[in-house]
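Have a look at this prediction, sequence included:
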Amino acid sequence: MTQKILVSAIAATLLAATSASAHEPWFGADLSYVNEMQACGAHYAYQGETDPYAIFAKSGTNIVRVRLWNNPTWTKYSNIADVTKTIAAAKARGMKVLLDFHYSDDWADGDHQIVPAAWAKLDTDAQAKAVHQFTLDTLNDLKAKGLMPDAVQVGNETNHEIMLPGDGKQAGPINWTRNAKLFNAGISAVREASQGSPIKPEIMLHIAQPENVEAWFADAARAGVTDFDIIGMSYYRKWSKDDFAAAADVIRRVHARFGKEVVIVETAYPFTDDYADNAPNLLGSDSALPGYPVTPDGQARYMHDLMQLTLDSGGMGVVYWEPAWVSTKCSTRWAQGSNWENAAFFDFKGKAVPALEWPKASYVLPVEITFTVPDHGQATQFISADFTGGVDVAMTKTAQGFVYKAILRPGSDVVVGTAETEAGLDSAEALNLTVPNAARTVALAKQ
């Protein structure tokens with residue numbers, strides 16, 4: 001007879017709690033433009049600070065993301081020298097670092113994955129060796145300088161096959177034999193560089209927009225890409241079909257299905273539709289969500305609520321892209337100024353807007369609840385739990401019986417019970433509890 005543990009979490013009461021995750025939550029900022037902005041004369045001001053790295057540390061940011069291109073001959077930024085400067089500045093101010101390998105000489109994103117020019121004529125095996133060596137050499141160089149990053153992205157928004165020829169656009173389905181070989185080459189290099197290092201970087205794989213995440217990671221797992229720690233996703237409402245609720249569902253599902261931490265590693269929201277220059281703004285009212293006006297307050301509330309949603313869904317944190325890309329006298333390849341100044345964390349005079357302090361806002365951190373069911377001979381039967389809005393996750397079989405660990409919001413009312421059918425709790429008594437402020441084990445007797 002089939003037995004199933006049914007769980008539903010309903011209306012929550014805000015209570016303080018310690019996080020159930022082994023990680024502290026990530027309150028992140030991608031500062032890949034900062035060195036260039038400083039050279040262009042950008043002004044930043046927050047509580048008496050003018051140095052952008054000091055400003056973000058003071059704001060509560062605890063991890064800095066920075067991109068790395070292979071050989072970007074068209075710019076003197078986002079190369080190893082520039083990245084080393086960023087990592088040193090971030091670590092000197094007590095912030096951790098996420099290093100983002102694009103494996104390209106130019107932007108790699110959800111639409112383009114352009115192979116580095118030096119690797120373009122290599123076959124797959126040679127490209128895999130090049131990925132491994134470039135990753136290993138970069139990390140060993142940083143390690144020797146005492147600047148080993150705390151986390152590493154193997155690829156950036158890799159929705160399509162990485163390191164493609166020509167314009168880097170996908171012409172057909174992903175060749176997962178090739179793709180997996182390249183990913184695993186980068187992953188193995190991170191693990192190798194970690195040997196003998198006091199900092200052993202966690203590995204993130206990154207997909208653009210929540211609706212693309214689950215299928216990609218399922219394909220990656222089938223292809224043998226499994227030795228990573230964090231699922232990263234971009235979430236920009238302008239380019240995503242998902243609202244907050246749908247994005248939350250994706251976080252819950254992939255966290256439960258793949259057993260990895262989940263981070264929204266790119267997001268942004270405009271605080272105005274105005275311009276400080278002639279460069280067209282990439283985000284504006286066309287990117288807005290209902291209830292979050294394109295104002296400084298709306299931007300700040302967006303960041304707070306997205307972070308709380310991420311935590312409530314079992315995610316680990318959020319990283320903002322790119323909060324210091326303000327307008328300056330310098331030009332990009334597109335125009336003079338910035339395409340992002342209306343979505344930065346500084347107004348057009350360089351003064352911090354409220355969203356800069358999103359890490360300092362009040363959050364409810366989840367706690368881990370362990371549910372156990374003794375084994376009364378049902379070991380070969382289907383045992384599962386639903387803490388994730390319709391996602392069944394198999395329990396772990398232990399010497400003590402069956403165990404399921406759920407990360408839930410403290411104050412949530414939870415109904416737990418054992419049932420003799422999958423239809424519901426009609427044949428068993430339910431146990432009602434309110435999620436406490438600290439970890440707890442709940443033992444369920446077989447009904």
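Received the coordinates, thanks.

for stretch 332-344, which positions count as buried?
Neighbour counts over stretch 332-344 (16 or more other Cβ atoms under 10 Å) mark 337, 338, 339, 340, 341, 342, 343, 344 as buried. (Glycine included, C-beta is placed from N, CA and C.)

Mind listing residues that contact it?
Residues from elsewhere that reach stretch 332-344 (Cβ atoms under 8 Å, 6 or more residues apart in numbering): 74, 268-284, 299, 322-331, 348, 353.

List the residues that contact the nearest residue to residue 170 once chain neighbours are set aside.
Of all residues beyond its chain neighbours, the one nearest residue 170 is residue 160 (3.8 Å), with distances taken as Cβ to Cβ, 6 or more residues apart in numbering. Residue 160 makes contacts with 110, 111, 113, 169, 170, 174, as judged by Cβ under 8 Å, 6+ apart.

right, and the secondary structure at the fifth one would be what?
Spelled out, it's residue 170. Judged by DSSP: H, G, I helix; E, B strand; the rest coil, the three-state class of residue 170 is coil.

Okay, it and residue 242: tell me how far apart.
Using Cβ to Cβ, to the nearest Å, residue 170 is found at 21 Å from residue 242.

These two: which is more packed in?
residue 242 (17 against 14; other Cβ atoms under 10 Å).

Need the nearest residue in space to the more buried one, chain neighbours excluded.
residue 210 (4.7 Å).

for residue 241, same thing?
In space, residue 241 comes closest to residue 211 once its chain neighbours are excluded; the distance is 5.4 Å by Cβ to Cβ, 6+ apart.

Nearest the geometric middle of the protein, what residue?
Against the mean C-alpha coordinate of the chain, by Cα atoms, centre = their mean, the closest residue is residue 263 at 2.4 Å.

Which helix or which strand is home to that residue?
Assigned by DSSP states H and E, residue 263 belongs to strand 261-266.

tell me which residues in that strand are buried?
Quick answer for strand 261-266 (16+ other Cβ under 10 Å): 261, 262, 263, 264, 265, 266.

same thing with stretch 200-216?
Buried positions in stretch 200-216, judged by neighbour count with 16+ other Cβ under 10 Å: 201-210, 212-214, 216.

again with stretch 130-143
By 16+ other Cβ under 10 Å, the buried positions in stretch 130-143 come out as 130, 131, 132, 134, 135, 136, 138, 139, 140, 142, 143.

I'd like those as TSV, with distance to residue 88 appended.
Converted to TSV, those look like this (distance: Cβ to Cβ, whole Å):
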residue	distance to residue 88
130	27
131	25
132	25
134	21
135	20
136	20
138	15
139	15
140	16
142	9
143	13
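
can I get those in a markdown table with secondary structure and distance to residue 151?
Listed next are the buried residues of stretch 130-143 as a markdown table, based on DSSP: H, G, I helix; E, B strand; the rest coil; distance: Cβ to Cβ, whole Å:
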| residue | secondary structure | distance to residue 151 |
| --- | --- | --- |
| 130 | helix | 22 |
| 131 | helix | 18 |
| 132 | helix | 19 |
| 134 | helix | 18 |
| 135 | helix | 14 |
| 136 | helix | 17 |
| 138 | helix | 14 |
| 139 | helix | 12 |
| 140 | helix | 17 |
| 142 | helix | 13 |
| 143 | helix | 14 |
